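> Sequence first, then the predicted structure:
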Amino acid sequence: GENVEQHPSTLSVQEGDSAVIKCTYSDSASNYFPWYKQELGKRPQLIIDIRSNVGEKKDQRIAVTLNKTAKHFSLHITETQPEDSAVYFCAASRPGGGNKLVFGAGTILRVKS
Amino acid sequence: GAVVSQHPSRVICKSGTSVKIECRSLDFQATTMFWYRQFPKQSLMLMATSNEGSKATYEQGVEKDKFLINHASLTLSTLTVTSAHPEDSSFYICSAWHSGAPYNEQFFGPGTRLTVL
């Protein structure tokens, strides 16, 4: 089955700097790659996603890149702000099976002001 | 976005009792819902896929007789933790896939914090 690895497990950046979180996946049939932000005790919230027919997607300060050949995708947050501090999870899903998601282990992002 | 609710948000029970958690899609129909368990400082682990009108599909290592799932309608799935024990204490989160415009993504419920004494 699918295996998603996520790095780093923790990331501290200075306010205004960029943050990059990387994930790799094992199932070449996976075609949907969302990123979620989860604050303590809250539900995961989708912040950006990408499908396998594109290599990059951007939404304001957040971007995701996908390399299908290498089976890895990355989250890029620019101009980080203290409110970006949270746990970020990547996930992967393949067609069929009801679109079930396999999650990475998560990255604790701390933005220091 | 689309809304998924869960009830209760918190539950404390004695060891050996059963606890039922409800997951509802409030403004859309979901033929498939998912149940996750999240231990402190860990990731979301998929427990099972809940299929409306048919049996749930459980992930490897998840006891189907302990975690009973019922998806009786297009807006409601329930998870019953039977004979709960302290090691079942966790944050349980459900989700539902919304495939109709303008969304094509999975929406999560707010989670249920289960504490078994």
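Received, thanks.
> Leaving out sequence neighbours, find the closest residue to A:R43.
Spatially, and ignoring its direct neighbours in sequence, A:R43 is nearest to B:F108 (4.2 Å; C-beta to C-beta, 6 or more residues apart in numbering or on different chains). Placement of C-beta: from N, CA and C, glycine included.
> Correct me if wrong: the one you found contacts B:S5.
No. At 10.6 Å, B:F108 does not count as touching B:S5 under the criterion of C-beta atoms under 8 Å.
> who has more neighbours, those two?
B:F108 (22 against 14; other C-beta atoms under 10 Å in any protein chain shown).
> Flag the shaky bits of the chain, pLDDT-wise.
All of this is about chain A. A:97-98 (pLDDT under 70).
> that's the other chain; I wanted chain B
B:101-102.
> What parts of it come near chain A?
B:31-32, B:34, B:42-46, B:49, B:51, B:57, B:91, B:93, B:95, B:97, B:105-106, B:108-111, B:113 (C-beta under 8 Å from any C-beta of the partner chain).
> just checking, A:T78 touches A:S18?
Yes. Using C-beta under 8 Å, A:T78 makes contact with A:S18 at a distance of 4.9 Å.
> Show residues contacting stretch A:76-84.
Outside stretch A:76-84, the residues that touch it by C-beta atoms under 8 Å, 6 or more residues apart in numbering or on different chains are A:13-20, A:61-65, A:109, A:111-113.
> show me the contacts for the residue of chain B found nearest chain A.
Nearest residue of chain B to chain A: B:T32, at 3.8 Å (C-beta to the nearest C-beta). B:T32 sits next to A:G98, A:N99, B:T49, B:S50, B:N51, B:E52, B:A96, B:W97 when contact means C-beta under 8 Å, 6+ apart.
> Thanks a lot, catch you later.
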